[in-house]
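Trainee: kindly return the folded structure for what I paste below:
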Amino acid sequence: MSWLNSPKRLFRLIVLFVFSSAFLLIFLPSFYSSSRTETASDAFSDEDVALDLDRTTSVFSFNTAWDEQTNPWVLKNSIFNTTNNSFLEKLTSYTIEGHNYDTLFNKQPAATQHTQVTIVVPIYTKEAFSKLNIIASWSAVEVAFQVLIACPSQFKPQIEDKLDKNKFGIMAMDRAAITASATGSTFASGTAGAAIWLQMLTEKDITTDYLYVVDENVPISPYTLHELAYLFRAKQRNDYQDALIGTRGYAISPKLVSDNFCLPIDNQLPLNVSQPVDMVLGAWLLHKSWLPHVMSDMSLESLQLPLGYYLSINLKQQLNKPTIFLPSADRHTNLNKLYCEKVKEEWTKNTFWKDSVAKNKYPTALQYRFMSEHSAMIVADGAKQLVSLYPLLCRFKKYPVHLAILGDDLKREIVEHALTETNCQHHVQLHDFSSMKDLKDVSSMASFVSAVQPRILIQIKPAEQSSMLKYNMIQAMGESHQMAAIGLPEKEIPHALWISDLSLEALSYWNKVQIKLVVITDRRPHSLSRLLQSASKSIYLGDRADLVVNMEQSSDRVTRLLVNSLMWRQGTKTIRHRIRKGGLMPAIVESWYPTNNDEYAVLLEDDIEVSPLFYVWSKYAILKYRYSGNSEAHRLMYGISLYAPRNLELLPAGRVTFDPNSVLLPAGYPEHVPYASQVPCSWGGVYFPEHWREFHAYLVTRLKDLELPKDHQVRLISVPGSRSDKWKKSWKKYFIELVYLRGYVMLYPNFQSFEAFSTNHVEFGTHVKSEKRQSVIGTFMVPLMQRDTILSQLPNQSLPLFENLPVLDLWGQLQTYDSLEEQGSKYHQHVSTCERTYGTFDPQEFFCRVDGPPDPLQEFPSAPKKPKPPVLVKDAVQPIRYNRVFEYTREEEEQGRNELLEFGPKPIDVAQLPTVEERFNNRDDEVLDLESDLDTLNRLYLKLNPENLGFLEEERLAMEEEEEDEDIDEGDEIVEDGM
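Mentor: The predicted structure follows:
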């Protein structure tokens, strides 16, 4: 190629190589070590550290002592061990044993005369003229053959004199001229570049179905025709129709840890059965239809490869044709030894061949023996992407990872050194695709993916539009091979390091999980704006997240304008507006109904604010507990809380302060361990589709109980000892009933200082005038996690397994899943006669009524209400009495009084005015319960924040001064609750 002759171009390449090498050597290890410190990734358990130390001292070795028990030739624990694979697929993956010589030759019929082959013999040196005598002596065998001599034009007259032109075809092909015009370079004899004349052969030149290309570097054997007949007998079996077969093969040692194996001389491998190899030696039996593909790769580095290896690579890449060695009757021949000596010498001298194998772009035949578990694949396009992906790359411990590097600024040797320096080389297999220049070269990566079959593809989603074409092509390639293609924005990779903690099964659902943001709002545009701004600034890991805004009938004009003008860039925006005010329960419950079992909803009321990491926490937990193959977690966990509660609300005596660590630490659980609780979270929570549908079905039947007469004798569902039983119009009351009956749980965060992913601003309504109530905010507001410390705070830097989570009941007491199940089952029998089912998500089994008296109504103590202050009256002036004198007759006076009463204002009938209960009939009972506990909550707040005592004393004095000047009656009236 002309660019090789450009000194400026060559100089620039050398400079680029030097600078990229220095960049990776200096920056990559230091970056990785610093990133590990920042994310506290060195906080693995002692067992993990010990495991890493063992890995650093272990050396890969290839065991050739075949034993049925300890080291069988036929593998049982391979990812390719499936019943749907063909014989060749099983043979190349070592999951089936090959055939012996007797089966392939003696038990197969001879090839029919309809089978014809063209033997192609290249003669490009005068020393090769000796082959002509053997060719002239060939006589008819069981295979009908023709001979085609490929030679330079100056040799053609001499060859014509030695051979009969009527029996042998002679084609003049000046190899030097063809090679120079095609590549601008010359190649050594025996390489693919020296055999570029193969590209000139067309189906018109070859009239037979097969051609048999003989290696020009070795002498022709008198037994060549007999070997050819053997190959065609093997071809009679359909098992080998789609393979490149031969009686001599070369298998490269896995990871180059030992000498390579030349068959049939080296006896470290079984020689009595057919098996996959990396190349066939001596001659190559090709079908005519393969000709357009055998010379498809015209890159300079590929043309430097030996012809046999080059043919095997191209046939595997382009047509998925494997290379198979067939056992022969006599393996210890001088010709076999010569072939093996030649190929071993070529391996020693041909640095291009060694470098191609070291790049690991194509799995060698023996590498398939080590694919016993599924893997992930990470693509780094350039040094910058590799630096960004490196912290994630080195965290994978549970399964192998294939790292594919692209780009001119990445060199394999530098990356290998970086992996070794950071102790990441044991679980990462490097594959060098840096030679990919054009987008069409993605097909070479597709061939590698087809061979290795990774289940996950991870790459950086570029911000530049110019790089999207290559990204999309690699994504499409991965998806076409049934891989879950994950594209992460480069800046958000530090927030996705937990990917390495998830199983491949869980990660395969990465793109199937759909998390929607469902917002419920009324007349609080400032609160809604705060929520939407916090959600828009959150981290979404490159995912699509749709937004649904549900506006109440009474939403004001500012709220509607805000929602209509919102630009939501993470996905689609859907707006819904109620035409009739129904209260908070229908507003929440009817805001979302899942379309499939992979759709999730983050329910957010407008007085909530979310952390930038709320989506990260949600997606991690969903994949961990919903898609890791744990059926119990799938059945029992109904959601994920973003909020970290500071009090318990369901105790009969009312709310009390609550710190989960006060229960978990004495029980032996580690600090900051997340826990599973039965209490549903209404201040920012992710709800799961099956459980939400079940809740809908439960409500449809359960709400019919409200139509029963007061003197009914039906035993209704009522959670014993739960304060929620008095919340007549709260959706949580009924969800708690379902949770109690099923034994369901919700995941709650438990980070330092109640750090959470959502908080509540406790905005009761527009008529809150007393600053005294605002002191309650401190009891409910929690700090939002701004800096990503999720992994560094979690025990062992990962979410616990579902069975290892601490379990709390509705009242904050430590329980087990079994005890919750037993509790729910016992109450189920108390209220219903239907049998209990598991995993059906059908609540109708709870409504088979029991014959018996209803349970007595539960009574709960309530906080004493503060008496209203008396109305103070003070006369401003002394009253004046007026005596009216009328100059009308008695009849005129009576008539005037009647007219005045008829046209004047009418007195107000107080009895006809609506009661307070009727005016606020849509208020949530949970809010009323909260208001009745205001004094108790104030005391709780002072216990948590004693430093505010001085502030509250000043507030009290200021309020007393106001009460002296104004006639106010605070009461407990709140127009609308935002909870």
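Trainee: and stretch 366-384, end to end?
Mentor: End-to-end span of stretch 366-384 (CA to CA, to the nearest Å): 33 Å.
Trainee: cool, stretch 604-611 as well?
Mentor: 12 Å.
Trainee: what lies in contact with it?
Mentor: Residues outside stretch 604-611 that contact it (CB atoms under 8 Å, 6 or more residues apart in numbering): 517-522, 524, 527-528, 530-531, 534-535, 538, 588, 617, 642, 682-684, 756-763, 784-786, 978-979. Just so you know, the C-beta spots here come from the backbone N, C-alpha and C atoms, and that holds for glycine as well.
Trainee: just the buried ones from those?
Mentor: When the contacts of stretch 604-611 are checked for burial by 16 or more other CB atoms under 10 Å, the buried set is 517-522, 524, 527-528, 530-531, 534-535, 538, 588, 617, 642, 682-684, 756-763, 784-785, 978-979.
Trainee: can you flag which of the contacts of stretch 604-611 belong to strands?
Mentor: Among these, the subset assigned to strands under DSSP state E consists of 517-521, 758-760.
Trainee: which SSE is immediately downstream of the worst-scoring helix or strand of the chain on mean pLDDT?
Mentor: Every helix and strand of the chain was ranked by mean pLDDT, DSSP states H and E. The lowest is helix 46-57, at a mean of 35. Heading C-terminal from helix 46-57, the first helix or strand you meet, by DSSP states H and E, is helix 87-92.
Trainee: show me what that next one is in contact with.
Mentor: Helix 87-92 is contacted by residues 80, 96, 98, 239-240, 242-243, 274-276, 322, 324, 365, 368 when judged by CB under 8 Å, 6+ apart.
Trainee: and which of the residues you listed is nearest residue 694?
Mentor: The nearest member of these to residue 694, counting by CB to CB, is residue 80 at 40.9 Å.
Trainee: ok, that closest one - contacts?
Mentor: Residue 80 touches 89-90, 93, 95, 368, 371, 453, counting by CB under 8 Å, 6+ apart.
Trainee: where do the strands sit along the stretch 701-850 of the chain?
Mentor: 745-748, 758-760, 807-808, 814-815 (DSSP state E, counting those that start in this stretch).
Trainee: turn the ones you listed into a markdown table, columns for distance to residue 434 and mean pLDDT.
Mentor: Shown next, in a markdown table, are those (distance: least, CB to CB, whole Å; pLDDT from 0 to 100):
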| stretch | distance to residue 434 | mean pLDDT |
| --- | --- | --- |
| strand 745-748 | 43 | 98 |
| strand 758-760 | 45 | 94 |
| strand 807-808 | 51 | 98 |
| strand 814-815 | 56 | 96 |
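Trainee: out of the ones you listed, which is closest to residue 667?
Mentor: Across those, closest to residue 667 is strand 814-815 (CB to CB), at 5.7 Å.
Trainee: same for that closest one, what does it pack against?
Mentor: If contacts are counted by 3 or more CB pairs under 8 Å, 6 or more residues apart in numbering; DSSP states H and E, strand 814-815 sits against strand 807-808.
Trainee: list the strands paired with the strand it packs on, with their directions.
Mentor: strand 675-677 (parallel), strand 814-815 (antiparallel) (DSSP bridges).
Trainee: got JSON lines for those strands, with distance to residue 314 too?
Mentor: Listed next are these as JSON lines, based on distance: least, CB to CB, whole Å:
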{"stretch": "strand 675-677", "distance to residue 314": "56"}
{"stretch": "strand 814-815", "distance to residue 314": "64"}
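Trainee: buried deepest among these, which one?
Mentor: Highest mean neighbour count of the strands paired with strand 807-808: strand 675-677, a mean of 23 (counted as mean count of other CB atoms under 10 Å).
Trainee: flag the shaky bits of the chain, pLDDT-wise.
Mentor: Residues of the chain that meet the criterion pLDDT under 70 lie in 1-60, 83, 110-114, 176-185, 332, 437-441, 764-776, 778, 862-888, 900-979.
Trainee: okay, now the domains of it?
Mentor: In terms of domains, the chain is parsed into 87-366, 372-507, 614-847 (source: automatic domain parsing).
Trainee: contacting residues around residue 495?
Mentor: Contacts for residue 495 (CB under 8 Å, 6+ apart) come out as 539, 541, 613, 616, 788.
Trainee: and it, that's in a strand?
Mentor: No - assessed with DSSP: H, G, I helix; E, B strand; the rest coil, residue 495 is helix; it does not lie in a strand.
Trainee: residue 789 versus that one, what's the distance?
Mentor: 11 Å (CB to CB, to the nearest Å).
Trainee: try residue 636
Mentor: 28 Å.
Trainee: quick one: residue 740 and residue 824 touch, right?
Mentor: Yes - using CB atoms under 8 Å, residue 740 makes contact with residue 824 at a distance of 6.1 Å.
Trainee: give me the more crowded residue out of the two.
Mentor: residue 740 (23 against 20; other CB atoms under 10 Å).
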